[in-house]
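Q: for reference, the sequence and a predicted model appear below.
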Amino acid sequence: MGAGKSLSFVSLHMNRRALLIASCGLMLPPGAAILGQPRVSTLDSEVYTALVNKGTEELKPGELISVVVAAQTISPKGYRAS
Amino acid sequence: MHPDSAKPLAQTIRQKLPEATRAAVNELVRIGEQPAIVNLQMGALRKGLRVHVVSDSNLREALAIEQGEGDDWQRFRAVYGGATSVVSFSRVGSDPSSGQALVVSSINCGTLCGAGNLVLLQRRYGVWSVMKVGNLWVS
């Protein structure tokens, strides 16, 4: 009986470790998951900045707008219309 | 959803923007599916702009997408200081030898309010300018 308990304990311990490892990816806060992704290159930044400037060039001087820029992914088989 | 959405991206780009070089198209297709953090050059932006760069998860939270009742744009506007729309970018497919860059850009401003475009840019004397825009979808 003692051996059985021991076995049971080891088994449970391993399962808990496996569960912990498996759940790490799921339990990270959303922000942390995003931070793990690569930052875009300088060239990408230049292009995004140029596009934001182009898209707002008809604003009147002093007119304030807010632009929210989000990363978007596209599928290799087609683009995502979000 | 755009009617062309089932077409391979490379084919769509060649139809919409035949001026794009094969290298730029291939690069966009290659890295287009890789998510990344958008990074703007804040000092190079036009004066007077208030720009928020947000992650996909923050955006979903602001729009209350997880609550399953459709996007809550009123909530979004309150969170982001009255911002009316979201501009999203794909990764950039570039061809250094020709100085071209290709990017998919979309704007969303509410239900049935948005558009997606393929944008071809050309770099001359260190400055990027938009060469041509091809519409992908409108809602």
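A: Here it is on my side, so go on.

Q: pLDDT below threshold where in the chain?
A: As the question left the chain open, I've gone with chain A. A:1-40, A:59-82 (pLDDT under 70).

Q: right idea, wrong chain: chain B
A: Counting by pLDDT under 70, chain B contains low-confidence residues at B:1-7, B:35, B:66-70.

Q: give me the number of residues near residue 56?
A: Here I'm looking at chain A. Neighbourhood size, A:T56 [other Cβ atoms under 10 Å in any protein chain shown]: 17. Backbone N, C-alpha and C define where each C-beta goes, glycine included.

Q: chain B, not that one
A: As a burial measure, B:D56 scores 19 neighbours (other Cβ under 10 Å).

Q: for it, give its distance to chain A.
A: 6 Å (Cβ to the nearest Cβ, to the nearest Å).

Q: residues in contact with the lengthiest helix in chain B?
A: Taking DSSP state H as the criterion, chain B has its longest helix at helix B:22-31. Residues outside helix B:22-31 that contact it (Cβ atoms under 8 Å, 6 or more residues apart in numbering or on different chains) are A:76, B:9-10, B:13-14, B:90-95, B:97-98, B:100-104, B:120.

Q: how far off centre is the host helix or strand of B:A78?
A: Remark: B:A78 resides in helix B:73-79, with elements defined by DSSP states H and E. From the chain centre to the centre of helix B:73-79 is a distance of 21 Å (Cα atoms, centre = their mean, to the nearest Å).

Q: does anything pack onto that helix? Which helices or strands?
A: Counting contacts by 3 or more Cβ pairs under 8 Å, 6 or more residues apart in numbering or on different chains; DSSP states H and E, helix B:73-79 is packed against helix B:56-62.
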